[in-house]
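J.: have a look at this prediction, sequence included:
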Amino acid sequence: MTKQHSFPADQGLPADALGQPVLLGRSFGRVTQAHAGSLEHFAQAGLPRTEEDLIGAFPFARGAPGHLYATAPEAMPDRRDAPPALCAPPVPVPEPALYGEAVRSLAARIRQGGPLKKAVLARMLEVRTDRPLDPLQVALRLCEDPDITGYCLPLPPRGAGARWLVGATPELLLDKRGAAIRSHPFAGSAQRSEDPAQDRAAAGALEASAKDRAEHRLVVEYIHDILAPHCRHLSVPKGPALHRTASLWHLGTLIEGELADPETPCLALLAALHPTPAVAGQPLAPALDSIGAAEPFEREFYAGTLGRVTAQNDGTWYVTLRCAIIEGCLARLFAGAGIVGASDPVSEIAETSAKFTAMCRALGLDTPD
Ligand SMILES: C=C(O[C@@H]1C=C(C(=O)O)C=C[C@H]1O)C(=O)O
């Protein structure tokens with residue numbers, strides 16, 4: 001399936017990005033300048049000249065254009081509105097049964113042997129409301145979970161109206177401060193429960209799951225192998241640890257290192273890392289082919305990377321997860337799951353439903369599906 005890029009690489013963002021709100025973690029501001037280009041472009045050509053930090057987002061597709069924004073800081077708005085009502089039941093794309101079929105055939109193909117070890121298959125949920133959604137309000141509701149980084153950024157429009165990337169990511173792709181670097185990949189997930197005993201049992205089962213640990217290990221090895229040639233030291237703990245968000249348990253591994261050259265640009269490391277097998281697969285080329293063949297939509301900024309880069313090309317970048325692209329009365333939610341030979345379609349449908357939970361709650365929906 002060929003995917004169209006959302007706007008040409010040489011096209012600046014429309015003037016209407018200027019003045020728009022940008023939220024990343026605890027910092028809030030308004031766009032004063034907007035720059036468009038791919039991650040590779042900014043990694044090779046360098047950053048736009050600026051004294052300020054730039055906040056940006058790049059799509060899942062390597063080479064597709066994303067953007068960097070300079071912002072003027074402002075106090076975070078403290079207004080909280082109730083979300084608008086739904087005007088129709090959410091529409092899953094594809095239907096969960098079809099997604100399950102794609103999981104079943106991919107897992108069977110991986111079991112047959114061959115180069116592909118893992119591919120992350122995503123699905124989408126279209127939510128329509130009776131009045132326009134306020135993306136910032138959705139992001140502020142997501143930020144109530146202390147274990148995520150919330151975000152809200154303007155996107156280039158596709159039609160008449162403004163578009164927004166809104167979400168709550170738990171996953172650090174790269175933090176660089178001088179020579180010190182960190183990456184904290186997550187892979188392996190379980191839904192949390194309100195019942196404390198069931199919640200502990202879900203965490204314990206995830207921690208003990210050979211399938212999830214193997215899936216996780218592929219991501220850690222990939223990141224290690226990409227970062228190691230740049231590093232004087234790189235430390236990887238022996239096994240993953242449990243991490244929680246309000247709705248999910250994850251396996252995570254904190255990878256820490258010291259760069260041989262502290263001047264290595266953060267965006268160059270990021271361009272080398274993205275996309276990791278946490279969102280694409282292993283090896284990358286056949287994983288991307290499987291994703292392109294199985295997913296009946298364009299990921300755009302979902303499973304891309306977003307974050308902040310300083311004028312010295314240090315920065316903190318996350319994996320663009322648990323997100324929605326909001327346009328007027330429509331929110332398109334994205335969630336994926338890593339598929340390996342041992343994956344079970346019913347569990348992967350449940351895992352992707354669980355990954356919709358945070359955004360569904362922020363949109364005022366009770367249940368993900
Ligand atoms: C692909 C997503 O999440 C990624 C996949 C995970 C998994 O397979 O367990 C866990 C965290 C993320 O790295 C998503 O949330 O959409």
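T.: Cool, the structure landed.
J.: tell me the bridge partners for the residue of the stretch 51-200 of the chain found nearest the ligand.
T.: Going by Cβ to the nearest ligand atom, the ligand is nearest to S189 of the stretch 51-200 of the chain, at 3.5 Å. (Glycine included, C-beta is placed from N, CA and C.) In this entry, S189 is beta-bridged to H250, by DSSP bridges.
J.: L248 is in contact with that one, correct?
T.: Yes: counting by Cβ atoms under 8 Å, S189 does reach L248; the two are 5.4 Å apart.
J.: joint contacts of these two?
T.: 354-355 (Cβ atoms under 8 Å, 6 or more residues apart in numbering).
J.: ranges for the helices of the stretch 151-300 of the chain?
T.: For the stretch 151-300 of the chain, applying DSSP state H, counting those that start in this stretch gives helices covering 196-208, 210-227, 266-273, 284-294.
J.: next, the buried residues of the last one.
T.: The neighbour-count check on helix 284-294 (16 or more other Cβ atoms under 10 Å) flags 286-288, 290-291, 294 as buried.
J.: for that helix, packing partners?
T.: helix 96-111, strand 118-128, strand 281-282 (3 or more Cβ pairs under 8 Å, 6 or more residues apart in numbering; DSSP states H and E).
J.: return the most buried member of these.
T.: Among those, the stretch with the highest mean neighbour count (mean count of other Cβ atoms under 10 Å) is strand 281-282, at a mean of 26.
J.: returning to what we had before: the residue of the stretch 51-200 of the chain closest to the ligand: neighbouring residues, count only.
T.: Applying other Cβ atoms under 10 Å, we find 23 residues neighbouring S189.
J.: for the helix or strand hosting G307, which helices and strands make contact with it?
T.: Secondary-structure element containing G307, defined by DSSP states H and E: strand 305-309. With contacts taken as 3+ Cβ pairs under 8 Å, 6+ apart, strand 305-309 sits against strand 21-24, strand 54-58, strand 172-177, helix 266-273, strand 315-319.
J.: hmm, who's touching it?
T.: 24, 27, 39, 47, 53-58, 68, 151, 153, 165, 169, 173-174, 266-267, 270, 274, 315-320.
J.: buried only: go through those for me.
T.: Among the contacts of strand 305-309, the ones that count as buried by 16+ other Cβ under 10 Å are 24, 39, 47, 53-58, 68, 151, 153, 165, 169, 173-174, 266-267, 270, 274, 315-320.
J.: what subset of those is also close to the ligand?
T.: When contact is defined as Cβ under 6 Å from any ligand atom, the buried ones among the contacts of strand 305-309 meet the ligand at V319.
J.: now do the buried residues in stretch 359-366.
T.: 359-365.
J.: only C-alpha atoms, please: export that stretch in CSV.
T.: What follows is stretch 359-366, C-alpha atoms only, in CSV (Å, rounded to 0.1, in the frame of the first residue of the first chain):
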residue,chain,number,x,y,z
MET,A,359,-7.7,8.7,25.2
CYS,A,360,-11.3,7.4,25.4
ARG,A,361,-11.5,8.5,29.0
ALA,A,362,-10.2,12.0,28.1
LEU,A,363,-12.8,12.2,25.4
GLY,A,364,-15.5,11.2,27.9
LEU,A,365,-16.1,7.7,26.5
ASP,A,366,-16.5,4.9,29.0
